[in-house]
Each structure stands twice: as structure tokens, then as C-alpha cells.
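In: the following block contains a protein sequence and its predicted model.
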Amino acid sequence: MRGGLPGIRGPRRRVRLAAVGLAAATLGTVGVARPARAVTVNRVVATVDGQPITAHQVDSYIRAAGQADPSQLGEVERRRALDSLINDMIVQSETENLGMGPSSDEIDQYIDQIKKRNNLDDEQLDKALEQQGLTRERYRQQVGREIQRSALLARKVKATVTVTPEDVQKYFDEHPDEFATAESVRVQHLLFPFREGMSVPEAESLLAEARRSQERLAAGEKFDAVSRDAAAGPGHAIGGDLGVMKRGQMVQVLDDAAFGLKAGEVSAPVRGEGGIHVIRVTERISAKPADIEQVREQIREKLYSKALEDRYNRWVESDLRKSHEIVVK
């Protein structure tokens, strides 16, 4: 039931769910329901410090978190959603009691950082939000809750979390492939696409055009020039630099062709998904193990983030919930 905004690495996924859930929890009943349904959706399923949570609020929370259909979830999944909503509500209450509410300027600065990090302007951000069913105001609420949570983490949890050099070494030793450099190739690619209803002579003409491009590339012509001519030709080829590709990242026929080439070599035309492909390998990168000194800080940050999240969840579950009156119906 975790949701997210495509291409936007703003609030963390768990927190993003919490923020949307909190907003949903305050919405009340939306629209006009049939009387029989109204009794069901407005049924109080829990209270937090006397504040009721209805079945409708849980449904809204589930939809906002991951666009899941609440009617398709079993009781165990609904109870998890309810517990998550309760946690969000008591965290919100705690931050408010401690006076940690963010200012409008802080929220603006946070959103500006998200836009810069993802190369988004206001219109692109609004489109990304719309795809997730969020308005700008709802997103501002979400960001505000992330800022509050970060302040709460700093005050209540961070001082209790440490990662030792021994922890880093242990993780590195137990995950040798995670940081190793995999064998890979840098690939330039031309696709001569098939067209619906293409005749045999047309397909043969497309293959001949692919062979001409292959021969020009093999003779050392610049890829941009060959790609430009192929795009303007009868086959309307699509060309580009695929960048560095590891084994298994391309479809099998292209993977086999690419890793069978030396740096500078060009493949024969390959029939694959969507059309005829011609690829040139410009660089081969050999597999090699990682040097721990190069990844030590990366591992430390990963372990610290995981430990911080685990400690935060334990604090909410074992400490914070005890200070609030929670009744599940």
C-alpha cells in the first residue's frame, strides 16, 4: 500500500504514506452515499485520544497510499492500514504538542529543493502530483508532515542510533556483489522499426538499409551522422546512446550481440523486438571487486538510514503509543 510520486524523491515513501493518510483522516465522508453504505463507511473502527476513525477514513488512507481498492483487501491488510493511520495520527499529535509545526517558508524551501533535484518546474510538478491524485495544497501538507517527522527524529531518536566501523565491514563482507563493478558495455544503438502490415519487399528494404548503416559505422563514420541519415531515410530509424549496460539489462538478443563485440565493433543487423537493431560497442568495462574505502561512506549511510527507521518504528510502537489512548473497535 505504499504510494509515491514518479520522479520525485521528496518525502520518504513511508512518510509520504503517513502524510497522505493524515490528510485523508481529516476529510470526513466525501459525497452522498446510499443509506445502507453510509452505515458501513461511517462506522467508527477506532479512536485515538477520543478522536474517531471511521471505515471511510481507512478506505481513503488506503487509496491515497497506493491507489489500492480497499474492497479487495482482507482483514489483516486493513488492520495494518488502520495501525499505520493510528501511528501517523499520534506522531502528528506529538509534533504539534512539541511545537514543531513548519512555517510556510520552510515548506516552500523544501519543495524548491525537490524541484531542483528532479529538474521540475511548477507545471511539471503539478502534473506529477495530479498523476497521484494530489493537489498542490495536499502535497504541501505532506511535505509539512515530513519536516515535522524529521524534527521529531532529531529530537527523540537520532542520538540513540550508531553505526560502527565493524558494522560497515561486516555488511561489506556479506554483500560482495552489491558494490562490485559488473561486466558492462557502452552501447550505441540504431532501431529500424517494423510497421504494421509491412510487406516482404518492404521488410527486405528495411534490412538492406540497416546493413548500409552497419557498414558505415564499421568503416568508422561518426554515429551521429549515420543515425541522422537513418532517421531521415525510408526506414525512419531511431538512434541513440544507450549508455553503460550490464548483462541482462537489454533484451536477450541484444545482450548476446553486445557482449559478443569488442570495443569499436559493430553488430550485424539483429532482428528483435520492434524491428531490426544495429549496435556498436564503444567501450567494454571488466568486472572487478569493490574497494571498501570507496564505498565505506555509502554503506554507513545505508546502515544508518535503516537503523534510524527501525529505531523510529520501535519508538512509535513501544513508547509513543503508550502515551495515547487508543481503542480499536
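Out: Perfect, I can see it now. What you are looking at is a predicted structure, and each value in this text was computed from that prediction instead of being measured. Numbering: from 1, shown residues only.
In: next, count neighbours for the nearest residue to residue 286 once chain neighbours are set aside.
Out: Excluding its sequence neighbours, the residue lying closest to residue 286 (CB to CB, 6 or more residues apart in numbering) is residue 183, at 6.2 Å. (C-beta placed from N, C-alpha, C; glycine too.) Neighbour count for residue 183, taken as other CB atoms under 10 Å: 13.
In: what residues are up against residue 183?
Out: 246, 247, 259, 284, 285, 286, 287 (CB atoms under 8 Å, 6 or more residues apart in numbering).
In: show the buried residues in those.
Out: Among the contacts of residue 183, the ones that count as buried by 16 or more other CB atoms under 10 Å are 259, 284.
In: export the contacts of residue 183 as CSV, with columns for pLDDT, secondary structure and distance to residue 276.
Out: Shown next, in CSV, are those (pLDDT from 0 to 100; DSSP: H, G, I helix; E, B strand; the rest coil; distance: CB to CB, whole Å):
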residue, pLDDT, secondary structure, distance to residue 276
246, 90, strand, 24
247, 87, coil, 22
259, 94, coil, 19
284, 94, strand, 24
285, 90, strand, 27
286, 87, coil, 30
287, 86, coil, 30
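In: just put the contacts of residue 183 in a markdown table and tack on distance to residue 53.
Out: Formatted as a markdown table, the contacts of residue 183 follow (distance: CB to CB, whole Å):
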| residue | distance to residue 53 |
| --- | --- |
| 246 | 47 |
| 247 | 50 |
| 259 | 55 |
| 284 | 58 |
| 285 | 54 |
| 286 | 57 |
| 287 | 53 |
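In: closest to residue 150 out of the contacts of residue 183?
Out: Nearest to residue 150 out of the contacts of residue 183 is residue 246 (CB to CB; 34.7 Å).
In: OK, contacts around the closest one?
Out: Shown in contact with residue 246 (CB under 8 Å, 6+ apart): 182, 183, 184.
In: now, the residues you listed that are in strands?
Out: Counting by DSSP state E, those place residue 184 in strands.
In: among the contacts of residue 246, show me the least confident.
Out: Taking those together, the minimum pLDDT is found at residue 182 (85).
In: phi first, then psi, for that one.
Out: Here is the backbone geometry of residue 182 (degrees, to the nearest 10): phi -80, psi 150.
In: just to revisit the earlier point, could I get the contacts of residue 246 as CSV with distance to residue 164?
Out: Conversion of the contacts of residue 246 to CSV gives the following (distance: CB to CB, whole Å):
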residue, distance to residue 164
182, 29
183, 33
184, 33
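In: before we move on, the earlier item: so which of the contacts of residue 183 comes closest to residue 172?
Out: Distances from residue 172 to the contacts of residue 183, taken by CB to CB, are shortest for residue 287, at 17.2 Å.
In: so how far is residue 283 from the closest residue to that closest one other than its chain neighbours?
Out: Of all residues not flanking residue 287 in the chain, residue 183 sits nearest, at 4.2 Å (CB to CB, 6+ apart). Noted for residue 183: a distance of 12 Å to residue 283, by CB to CB, to the nearest Å.
In: pLDDT-wise, which helix or strand of the chain ranks last?
Out: Ranked by mean pLDDT, DSSP states H and E, the weakest helix or strand in the chain is helix 13-25, scoring a mean of 31.
In: buried residues in stretch 90-103?
Out: For stretch 90-103, a neighbour-count test (16+ other CB under 10 Å) marks 90, 91, 92, 93, 94, 95, 100, 102 as buried.
In: look up how far residue 95 lies from the last one.
Out: Read it as residue 102. From residue 102 to residue 95 the distance is 9 Å (CB to CB).
In: okay, and the common contacts of those two?
Out: Common neighbours of residue 102 and residue 95 (criterion: CB under 8 Å, 6+ apart): residue 148.
In: show me where the stretch 201-329 of the chain has helices.
Out: For the stretch 201-329 of the chain, the helices defined by DSSP state H, counting those that start in this stretch cover 223-232, 252-258, 292-314.
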